[in-house]
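**Q** Here's my sequence, what's the structure:
(one chain, ligands or ions: 2)
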Amino acid sequence: MSPRRASASPDPAESARIGLAGLDAGPIERAFRVEAPGEWLGALPLPFEDVDIEVEVRRADGAAVRARGTLGARAMVECRRCLEPTRVRVRAKWDALYRPPDRVTPGEEGVWALEAGSGELDLAGPIREELWVHAPTWVECSRDCPGLCPACGAGLAEKACRCPPREPDARWAALEGLREDPAGASEGEIP
Ligand SMILES: [Zn+2]
Ligand SMILES: [Zn+2]
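**A** Ligands and ions are numbered 1, 2, ... in the order given. Modelled structure (predicted):
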């Protein structure tokens, strides 16, 4: 008996290629986890750590094969405001149609090429696309993250810093003008 979880595979590229030999007997179902998706899929929008894939493959019209299922992924990313490590989760349903190459129109969404006589389906294309589509571009640790103080860089979620308030306010702008006035008293000038 192997202690390895049934869903984990040492070679993600291999688990994501679904053999089609049994397809005429009915749908093929698989569930597996890819622990290092970057090695499998190349450049991804976030440093995803685990990708869980469930897929059901069945025959479609003509020589087409349909694969659909769910996708779950997670990544640790810096909050755009306070730079704290923030867990990102992606969950999606996906649906891909594989057709012979001569029946694939470039730019057609969700359609992938399957060479005639190919004994297996490669899920890399649709999974890569789903990760790009669903990865958030703006990651925040919370909706009201106060971010960092622009003056001292302190994380304002932890505690308020002692910097004076910096508000884009006309009155403050007027004070700034006074301070920069060479005729006015400036710091360090001792009469
Ligand atoms: Zn934050
Ligand atoms: Zn501060």
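**Q** Trp112 and Arg87, how far apart?
**A** Separation of Trp112 from Arg87 (C-beta to C-beta, to the nearest Å) stands at 31 Å. For every residue, glycine as well, the C-beta is placed using N, CA and C.
**Q** the more surrounded of the two?
**A** Trp112 (20 against 11; other C-beta atoms under 10 Å).
**Q** Now do the contacts for that one.
**A** Counting by C-beta atoms under 8 Å, 6 or more residues apart in numbering, Trp112 makes contact with Ala96, Leu97, Tyr98, Arg99, Val104, Gly125, Pro126.
**Q** Which pLDDT value belongs to the spatially most central residue of the chain?
**A** The residue lying closest to the centre of the chain (C-alpha atoms, centre = their mean) is Ala135, at 3.0 Å. According to the prediction, Ala135 has pLDDT 95.
**Q** ok, now which ones touch the residue lying closest to it once chain neighbours are set aside?
**A** Leaving out its chain neighbours, the residue that sits closest to Ala135 by C-beta to C-beta, 6 or more residues apart in numbering is Pro45, at 4.1 Å. For Pro45, the contact set (C-beta under 8 Å, 6+ apart) comprises Leu131, Trp132, Ala135, Thr137.
**Q** okay, now the last one: neighbour count?
**A** Other residues within reach of Thr137, judged by other C-beta under 10 Å, total 7.
**Q** Please apply the same query to the first one.
**A** Look at Leu131: counted by other C-beta under 10 Å, it has 22 neighbours.
**Q** For this structure, give me the ranges with low pLDDT.
**A** 1-10, 12, 166-191 (pLDDT under 70).
**Q** the helices in it, which residues?
**A** Assigned by DSSP state H, the chain shows helices spanning 12-15, 37-41, 124-134, 170-180.
**Q** For ligand 1, tell me whether stretch 88-97 is touching it.
**A** No - if you take C-beta under 5 Å from the ion as the test, stretch 88-97 misses ligand 1, and the best it gets is 12.5 Å.
**Q** Next to ligand 1, which bits of the chain? Give me the list.
**A** Contacts of the chain with ligand 1, taken as C-beta under 5 Å from the ion, map to Cys79, Arg81, Cys82, Cys141, Cys145.
**Q** got those residues as TSV, with neighbour count columns?
**A** TSV is the format used below for the residues of the chain next to ligand 1 (neighbours: other C-beta atoms under 10 Å):
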residue	neighbour count
Cys79	19
Arg81	20
Cys82	19
Cys141	19
Cys145	17
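**Q** For those residues, give me JSON lines that also has distance to Cys161.
**A** As requested, those are exported to JSON lines (distance: C-beta to C-beta, whole Å):
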{"residue": "Cys79", "distance to Cys161": "18"}
{"residue": "Arg81", "distance to Cys161": "15"}
{"residue": "Cys82", "distance to Cys161": "13"}
{"residue": "Cys141", "distance to Cys161": "18"}
{"residue": "Cys145", "distance to Cys161": "15"}
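**Q** Thanks again, I'm all set now.
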